[in-house]
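Enquirer: Structure, please.
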Amino acid sequence: MKLGLQLGYWGAQPPAGVGELVAAAEESGFDAIFTAEAWGSDAFTPLAWWGRETSRVRLGTSIVQMSGRAPTSIAMHALTLDHLSGGRVVLGMGVSGPQVVEGWYGQPFSKPLARTREVVDIIRQVLAREEKVTNDGPHYPLPYVGEGAVGLGKPLKPIVHPLRSDIPIWLGAEGPKNVAQTAEIADGWIPIFYTPKSAGMYQPWLDEGFARPGARRTRDDFEIAATCHVQVVADADEKAAVIDAMKPVVSLYMGGMGAKEQNFHKQVFERMGYAELSDEVQRLYLDGKKDEATALIPDELVDDMHIIGTEAEVRDRAAAWEATGVTTLLLSCRSADEVRRIAEVLA
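Expert: Below is the predicted model of the structure:
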């Protein structure tokens, strides 16, 4: 199992010290660095900026929001950065949610599965550069012939010859149909809130995708990159303090992300067996009672979602994650020393 440094997306200001984190990851044997985007900083620019100082680690996005760019534009970003990095790009993508897609990008959210399939197919056409890129699907028609078209569009190939025709495409997916489609058409999966206890829930969904005719990968060469906070602590008291510090993030995703009627993250917790808890956390959170919502988050849930313990416990827990099929742990680290410590413990 490999380690990836998850840089995430920015808050109100660009984060400090990222260059040191990336250098430590490169030096300490991490396999990759990943960037993300929400509705502020984008994923590609920070990856190019900080990735320019690296020579070995893979450069991944987790995730690029598909509605934010045309599929061919996403492909252009990926093939450009792949050339500049010498073939180290991992293209992680996801559908985001209706609040962001329709409220920020001004695009329709309906039929996310069909949209994802079209996006992946178009990007693969661009990267293959075998034929001019076309798409007959209803969501991203190429050439465009819909309302407002002047009728002069023509199929094109990318001017630049891609360095690799098989840049890995990983998809963020949460529900049964989305996970199955990911196993069918992608090279890897970026789950959210994946844990050893919940891993069994996903296996039939993955198996369904792998069994479909024309599936791109098998379980043996399919990557699973799970986000997980790893922290080495001295004793139980320190572990309890770390768990308490992480509860606000759990309550945010469980109760405060998305709309009340449609929160995909909350649905993941429901499938994990926390339906009643999720309902109450969401009610309190949306009523503005964030502290009360956070107080309901059980220690065992946070402990299951992350790897927190002594050096021996961290090694044992990491092995448990690997045993479920995880090929990469995506870790958020606060300092270069923390990067080095984790690498040393899990070497």
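
Enquirer: use CA for all of it now, contacts and neighbours both
Expert: Noted.

Enquirer: now the strands: where do they sit in the stretch 51-200 of the chain?
Expert: In the stretch 51-200 of the chain, the strands defined using DSSP state E, counting those that start in this stretch lie at 58-61, 64-65, 89-94, 169-172, 188-190.

Enquirer: How far off centre is stretch 166-182?
Expert: Mean-position distance between stretch 166-182 and its chain equals 10 Å (Cα atoms, centre = their mean, to the nearest Å).

Enquirer: typo on my end, it should be stretch 139-152
Expert: In this view, stretch 139-152 has its centroid 31 Å away from the chain centroid, taken as Cα atoms, centre = their mean.

Enquirer: Can you give me the first-to-last residue distance of that stretch?
Expert: With Cα to Cα, to the nearest Å applied, stretch 139-152 spans 19 Å between its terminal residues.

Enquirer: Outside of it itself, list whatever touches it.
Expert: Contacts with stretch 139-152, where a contact means Cα atoms under 8 Å, 6 or more residues apart in numbering, come from 70-71, 115, 118-119, 133-136, 153-155.

Enquirer: hang on, the earlier thing: nearest to residue 314, out of the strands of the stretch 51-200 of the chain?
Expert: Among the strands of the stretch 51-200 of the chain, the nearest to residue 314 by Cα to Cα is strand 188-190 (21.7 Å).

Enquirer: tell me what the closest one is packed against?
Expert: Based on contacts counted as 3 or more Cα pairs under 8 Å, 6 or more residues apart in numbering; DSSP states H and E, the elements that strand 188-190 packs against are strand 169-172, helix 176-185, strand 223-227.

Enquirer: Correct me if wrong: residue 39 contacts residue 105.
Expert: No - Residue 39 lies out of contact with residue 105 (Cα atoms under 8 Å); the separation is 9.0 Å.

Enquirer: any idea how far the residue positioned nearest the centre of the chain lies from residue 132?
Expert: Centroid check for the chain by Cα atoms, centre = their mean gives residue 62 as the closest residue, at 3.5 Å. As for residue 62, its distance to residue 132 is 29 Å (criterion: Cα to Cα).

Enquirer: gap between stretch 48-65 and the chain center?
Expert: Using Cα atoms, centre = their mean, the offset of stretch 48-65 from its chain centre is 14 Å.

Enquirer: Same check on stretch 255-264?
Expert: In terms of Cα atoms, centre = their mean, the centre of stretch 255-264 is set 18 Å apart from its chain centre.
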